[in-house]
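Here is a sequence together with a model predicted from it:
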Amino acid sequence: MPEAALIDGKVFAEALRARVGAAAAAFAQWAGRRPGLAVVLVGEDPASQVYVGAKGKACEAAGIASFEHRLPADTSEAALLSLIERLNQDEAVDGILVQMPLPQGLDEQAIIAAINPDKDVDGFHVINAGRLSVGQAGFIPCTPLGCMMLLKDRLGDLSGLDAVVIGRSNIVGKPMAQLLVDANATVTIAHSRTKNLADIVRRADIVIAAVGRPEMIRADWIKPGATVIDVGINRLPPEPGKERGRLVGDVAFAEAREVAGAITPVPGGVGPMTIAVLLRNTLVAAHGHAGLPAPEGL
Ligand code: NDP
């Protein structure tokens, strides 16, 4: 069997960012202002600082105004809620993203609930989760929407395909499963209590791995020719003499590539899609706030 095709999220994400950039420029000309994204970071978590920096840069590169709010770790819930209320009212702000995880003592659900659902470009608000669940237009979490774009690009029509989603988090697994059902796939959601996981995965034409366990999914779990989307980002312990360990996904990539029909690498697969979809959602939010229909082809 030939080696699986690589699903190159980096290339797809760059093309999406370019389309968003062109549409953002057209919007700015029409509206007399750029679309705007406010990113709120509380505390000094190093990974979160990197993500927030990357989001700001990606916004500016796409012609989206970025408003960064960096608050100390001891920020009170009342102060954070009052900032969100200000951003809800601010007409220059189309999207609001509060970087998770929040420091202990801040109630993540209460903070997400305070965001205007029409500015909730992360798609984490219960209103948006509900909209997705009943098939109404709303914001869909960036990572699963990015996975769906890669899948449709690769497979076209997903009707009747067997899909297994491993993981049931609110930000990846559950919305991913919903998107697959909406695309007429037959979906199984697996999690830590699932029995005979390998057998279940072996039935799937589409495997979505969103677990957070390095290289858990082995080649002999994969149906020959299946399409494998690896959401996991795990850092291995450093090898002797190295400062940092390698990044790997939830799938044992090298061996799975011998069996799968197509597979995303880690890094360079799903990861780059997440920020590109965030920009896309912000642009869609800007159109909504301006009373325009969502731009086509995004
Ligand atoms: P969570 O920790 O919230 O969820 C993990 C899920 O995996 C849970 O549903 C859990 O089951 C399940 N699980 C844990 N162990 C097993 C097991 N042994 N067998 C089967 N299922 C298991 O993680 P997230 O959904 O937030 O993220 C998943 C991965 O994706 C992480 O590696 C994360 O870093 C990565 N990620 C990548 C993004 C990107 O941009 N590429 C964005 C977001 C996440 P249970 O519910 O029973 O506990």
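Okay, I see it. Numbers count the residues shown, from 1 in each chain.

drop to CA atoms for contacts and neighbour counts, all remaining ones
OK.

any idea where the strands of the chain begin and end?
Using DSSP state E, the strands found in the chain span residues 5-6, 36-42, 65-71, 95-98, 162-166, 186-190, 206-209, 227-230, 234-235, 247-248, 262-263.

Flag every residue of this structure that's near the ligand.
Contacts of the chain with the ligand, taken as C-alpha under 6 Å from any ligand atom, map to 143, 166-169, 171-173, 191-193, 210-212, 231-234, 270-271, 274.

ok, back up a step: can I get the strands of the chain in CSV with mean pLDDT and mean neighbour count?
Formatted as CSV, these follow (pLDDT from 0 to 100; neighbours: other C-alpha atoms under 10 Å):
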stretch, mean pLDDT, mean neighbour count
strand 5-6, 98, 16
strand 36-42, 98, 23
strand 65-71, 98, 17
strand 95-98, 98, 25
strand 162-166, 99, 25
strand 186-190, 98, 19
strand 206-209, 99, 28
strand 227-230, 98, 28
strand 234-235, 96, 17
strand 247-248, 96, 18
strand 262-263, 98, 24
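
Filter the residues of the chain next to the ligand down to the buried ones, PyMOL style.
Entered in PyMOL, the line below selects the buried ones among those, by 16 or more other C-alpha atoms under 10 Å:
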select buried, resi 143+166+167+168+171+172+173+210+211+212+231+232+233+234+270+271+274
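
circling back to that earlier point, could you dump the strands of the chain to CSV with distance to residue 87?
Shown next, in CSV, are the strands of the chain (distance: least, C-alpha to C-alpha, whole Å):
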stretch, distance to residue 87
strand 5-6, 40
strand 36-42, 8
strand 65-71, 10
strand 95-98, 7
strand 162-166, 35
strand 186-190, 36
strand 206-209, 35
strand 227-230, 34
strand 234-235, 33
strand 247-248, 35
strand 262-263, 39
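
angle of the longest helix out of those in the chain against strand 36-42?
Longest helix in the chain, counting residues (DSSP state H): helix 9-31. The directions of helix 9-31 and strand 36-42 differ by 120 degrees, with axes from the mean of the first three to the mean of the last three C-alpha atoms, to 10 degrees as the criterion.
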